[in-house]
Structures are given as C-alpha cells and as structure tokens.
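In: Below is the sequence, then the predicted model.
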Amino acid sequence: MAEGFVLKAVGDQAILVGLGDSISEDTSRRVMSLNAKVRMTVWEENGILETVPAFNSLLIRYNPLVIGYSSLCHLIRSFMKQEGQDTGTDGRLVEIPVCYGGEYGGDLAFVANHAGLLEQEVVDIHCGRDYRIYMLGFLPGFPYLGGLDERLFTPRLPTPRVCIPAGSVGIGGEQTGIYPLDSPGGWRLIGRTPLRLFDPRKGGELPYAAGDSIHFIPIGEEEFKAVQLQQETR
C-alpha cells in the first residue's frame, strides 16, 4: 500500500504527484515506478500526453478533453495502491568515458584538496560506482546523479563560470552530473567526456533517461581525442 503522496493540479492540463520531501534512491524508485505504470497506459485513448519525473515528484500532462482531472486522480491512486510491484525501475546502465584533470577537469585539484585525497584517489572513487539518474533538468539532457561518495562532496563555486564546455563532468555539493551543452554553471569540474550527449541537429535523442544509471570509465587524452573525432564525423 502506498505511503504518503500528494496530488496537485498544475493549471488545467497537468497534475503533479508529490512523493515526499527527500532526495534518495528509494524516492527515485517510487517516482520511476509510478512513471512506468502511467507510461504503460494507452496514451491517446487515456488522454495522457507526457510525464516528467523529478527528484521526488512526477508531472503528468494530459488532455482534459479526453480525461478529466478527477478521473486521472482516480487512475493515479489506483497505480499507487500497486506500489511495490516490479515495474522495471532499474533502467539501463550507460557507460560514459571521461578524461579527468588537466584542461578537461580544472577543479580536480581543488576537489582532492578539499577531500584530503590525491587526485588519482578522487578519480578512482568517482569511477568506482554506478550513479542513478534522479532527473534530467537545467539543460536538455543534464543528468542529476545520486550516489556520490560522501568523501567527494564539494561546495559549488562562489561565482558560476560564464561558459563550461559541453561534456564537462562536475561535482556540485552532494551530486555529480554532466553538462551536455556549453553552458554557464557553478559545479566543480573534474573531467570531460568526448561523447556528444545532446545534438539538436539529430533530434536531441539522449543515450540515457531518468531512472537509468551511469558508470564513468576513465580514459586518457589520446583516447579522448580519438573518440571526439569520431563524434564529429558521425
């Protein structure tokens, strides 16, 4: 039986399902479980247009000419009563190659000093686990990743950078993530992936989604440039 959740109308075409205040793997699994159940419905016939999972909530956008607010609330409540049933919420495991330090991760030394570790120890710890994607946001395809080792928790920059190169991997507070586009940002940069994660010219398809997990693979500069060249010629 579902524990506390809150339904809130967002305008006349969306419902926000709040699933608690915490940001954790358990909460993420609840969000993705509900998301999977909603997405398994017949979209056009049921009037459900889109779902947007976040840290501890799920936004459901719907067509009010097909399904009313009360009916959709009833449907959501019925899904929540099924909570705990397996809906394949683990997602896929996506490997992301990263070149750490140097010109690709100028804040690696700061993170190491803050943690009282060697730079290679930071790299080993960062690559030593899988990270669940709690949500995508801020930029198209920016994955907010949970599960960062506490030793690597690092405060954000006091003043954000004006432009961070696409592919940069950073740490912000208790999370790690990847900038898929050139962007301003205040996270500490420890490396960069040569993969082109978001390309609007090719439809903006991403190699991952909320609920998937990412595993970082350390690579050298020579391999970085080789993969980058492959990406540019695709």
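Out: Right, received. Where do you want to start? Numbering: from 1, shown residues only.
In: wait, what's in contact with the most centrally placed residue in the chain?
Out: Nearest to the centroid of the C-alpha atoms of the chain, with distances taken as Cα atoms, centre = their mean, sits Pro143, at 2.8 Å. When contacts are counted by Cβ atoms under 8 Å, 6 or more residues apart in numbering, Pro143 is found next to 133, 135-136, 177-178, 208, 210, 214. From N, CA and C alone the C-beta is placed, and that goes for glycine too.
In: want to try TSV for those residues, with secondary structure and pLDDT as columns?
Out: What follows is those, written out as TSV (DSSP: H, G, I helix; E, B strand; the rest coil; pLDDT from 0 to 100):
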residue	secondary structure	pLDDT
Ile133	strand	95
Met135	strand	92
Leu136	strand	93
Gly177	strand	96
Ile178	strand	97
Tyr208	coil	94
Ala210	coil	91
Ile214	strand	97
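In: Looking at those, spot the one nearest Thr27.
Out: Closest approach between these and Thr27, by Cβ to Cβ: Met135, at 10.9 Å.
In: Just say helix, strand or coil for Arg151.
Out: Under the three-state scheme (DSSP: H, G, I helix; E, B strand; the rest coil), Arg151 adopts helix.
In: And the helix ranked longest in the chain, what's buried?
Out: The longest helix of the chain (DSSP state H) is helix 25-39. Taking 16 or more other Cβ atoms under 10 Å as the basis for neighbour counts, the residues of helix 25-39 that come out buried are 27-38.
In: just to revisit the earlier point, could you check how far the residue nearest to the centre of the chain is from Arg132?
Out: Using Cβ to Cβ, to the nearest Å, we find Pro143 at a distance of 9 Å from Arg132.
In: likewise Asn113?
Out: When Cβ to Cβ is applied, the distance between Asn113 and Arg132 equals 28 Å.
In: the more surrounded of those two?
Out: With other Cβ atoms under 10 Å as the criterion, Asn113 and Arg132 differ in neighbour count, and Arg132 comes out ahead with 22 against 13.
In: Confirm that the more buried one sits in a strand.
Out: Yes. Inclusion of Arg132 in a strand is indicated when three-state DSSP is applied.
In: what's it in contact with, if anything?
Out: Taking Cβ under 8 Å, 6+ apart as the definition of contact, the neighbours of Arg132 are 25, 28, 91, 145-147, 211-213.
In: Would you list the buried entries among these?
Out: 28, 91, 145-147, 211-213.
In: Report the lowest-confidence entry in those.
Out: Per-residue confidence over those reaches its minimum at Gly91, where pLDDT is 84.
In: distance of the residue of the chain most remote from its centre from Ala14?
Out: Relative to the average C-alpha location in the chain, and by Cα atoms, centre = their mean, no residue lies farther out than Leu65, which sits at 32.2 Å. Counting by Cβ to Cβ, the gap between Leu65 and Ala14 amounts to 14 Å.
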